[in-house]
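**Q** Pasted the sequence and its predicted model underneath.
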Amino acid sequence: MLSDAGVLSPVPFTRNYRRNPLTPLPVPLHVFEDVDAILLTHRHFDHWDKKAISILDKNIPVFCQPNDQASIQSSGFLKAIPVHHSLEWGGIQIKRITGQHATGISGKLLGPVSGFIFNAIEEGSIYIVGDCIYTTAIEAVFRKYNPDIAVLNTGEAQMIWGTTITMTREDVARIARLSPRTKLLAVHLNTINHCRLSQNQLTEYIKEQHLEGSVWIPKDGEVISF
């Protein structure tokens with residue numbers, strides 16, 4: 001989200017009415033004037049808000065799910081590029097991984113989501129998992145591709161009827177043990193009203209599990225280099 005803190009409504013069907021984002025953007029907006037491309041995992045407003053749509057350069061390539069292409073184009077973006085399975089761009093292979101935001105009716109209400117693996121031969125691979133819950137399919141992806149880095153949307157986001165729609169602290173630990181060579185970045189914390197898990201709580205849990213060397217929990221605006 002590029003909106004100012006508190007400008008956006010709460011996520012519908014959740015347990016509190018705090019307005020989003022809960023925290024201000026930690027970088028100035030002008031940093032988005034010089035980017036090579038946009039990766040859009042899905043179009044929920046906590047990933048693709050009206051402010052972003054209005055200020056981003058409409059000539060920037062936007063890599064997306066095939067079913068999101070038409071909506072992105074209707075917002076004026078001239079280079080909405082659907083990733084059906086995989087494609088190559090600038091020497092980087094981009095592979096789309098179909099995800100699941102939730103189980104049952106909740107999953108149908110939330111619609112399709114995707115993750116993406118970026119692989120540059122000389123620089124390694126990074127798996128942007130997206131708003132996906134832990135599934136056997138996600139487990140298989142880690143086993144097959146063994147990415148160098150993975151970004152996990154955690155936060156234990158929950159709907160009012162109890163369904164959890166992002167990864168939990170236990171999921172983070174499970175992936176850390178499943179793929180020990182992968183450096184895990186846990187994000188999607190502290191900023192959305194339906195997320196129950198905080199950065200501090202996850203930090204404490206990771207310490208309890210003795211996984212400090214596998215999981216990084218960046219503070220707002222922090223730059224992490226490996």
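**A** Done, it's in.

**Q** Tell me the first helix or strand C-terminal of the helix or strand bottoming out on mean pLDDT in the chain.
**A** When each helix and strand of the chain is scored by mean pLDDT, DSSP states H and E, helix 104-110 comes last, with a mean of 92. Once helix 104-110 ends, the next helix or strand along the chain (criterion: DSSP states H and E) is strand 114-120.

**Q** Next, count neighbours for the residue nearest to residue 87 when sequence neighbours are not counted.
**A** In space, and not counting its chain neighbours, residue 87 is closest to residue 94: 5.6 Å by C-beta to C-beta, 6 or more residues apart in numbering. Quick note: C-beta positions are derived from backbone N, CA and C, even for glycine. By other C-beta atoms under 10 Å, 20 other residues sit near residue 94.

**Q** Can you verify residue 94 is assigned to a strand?
**A** Yes. Using DSSP: H, G, I helix; E, B strand; the rest coil, the assignment for residue 94 is a strand.

**Q** Verify the stated contact: it with residue 85.
**A** No. Residue 94 lies out of contact with residue 85 (C-beta atoms under 8 Å); the separation is 9.9 Å.

**Q** Centre-most residue in the chain?
**A** residue 130 (3.5 Å; C-alpha atoms, centre = their mean).

**Q** and that residue, what does it touch?
**A** 41-42, 99, 113-116, 153 (C-beta atoms under 8 Å, 6 or more residues apart in numbering).

**Q** what do you get for residue 101?
**A** By C-beta under 8 Å, 6+ apart, the residues touching residue 101 are 42, 107, 110-111, 113, 131-133, 165.

**Q** which one of the residues you listed is nearest residue 16?
**A** The shortest approach to residue 16 among those belongs to residue 165, at 15.3 Å (C-beta to C-beta).

**Q** Skipping adjacent residues, who's closest to the closest one in space?
**A** Excluding its sequence neighbours, the residue lying closest to residue 165 (C-beta to C-beta, 6+ apart) is residue 102, at 4.4 Å.

**Q** Let's see the pLDDT reported for the closest residue in space to residue 83 that isn't next to it in sequence.
**A** Excluding the flanking residues, the one nearest residue 83 by C-beta to C-beta, 6+ apart is residue 96, at 4.2 Å. With respect to pLDDT, residue 96 scores 98.

**Q** try the one 4 residues further on
**A** Turning to residue 100, the model gives it a pLDDT of 95.

**Q** State the helix or strand in which the closest residue to the residue nearest to the centre of the chain other than its chain neighbours lies.
**A** Distance criterion C-beta to C-beta, 6+ apart; nearest residue to residue 130, sequence neighbours excluded, is residue 41 at 3.6 Å. Using DSSP H and E, residue 41 falls within no helix or strand.

**Q** What are the neighbouring residues in contact with residue 41?
**A** Going by C-beta under 8 Å, 6+ apart, residue 41 touches 47, 65, 99, 113-116, 128, 130-131.

**Q** One more: residue 202?
**A** Residue 202 neighbours (C-beta under 8 Å, 6+ apart): 154, 169, 172, 186, 189, 217.

**Q** Tell me the spacing between it and residue 182.
**A** 17 Å (C-beta to C-beta, to the nearest Å).

**Q** Equivalent analysis for residue 10, please.
**A** Residue 10 is 33 Å from residue 182, by C-beta to C-beta.

**Q** ok, now residue 159?
**A** Applying C-beta to C-beta to residue 159 and residue 182 gives a distance of 29 Å.

**Q** so what pLDDT did residue 34 get?
**A** Predicted confidence (pLDDT) for residue 34: 89.

**Q** What average pLDDT does stretch 70-87 get?
**A** pLDDT averaged over stretch 70-87 gives 98.

**Q** Nice, that's everything, thank you.
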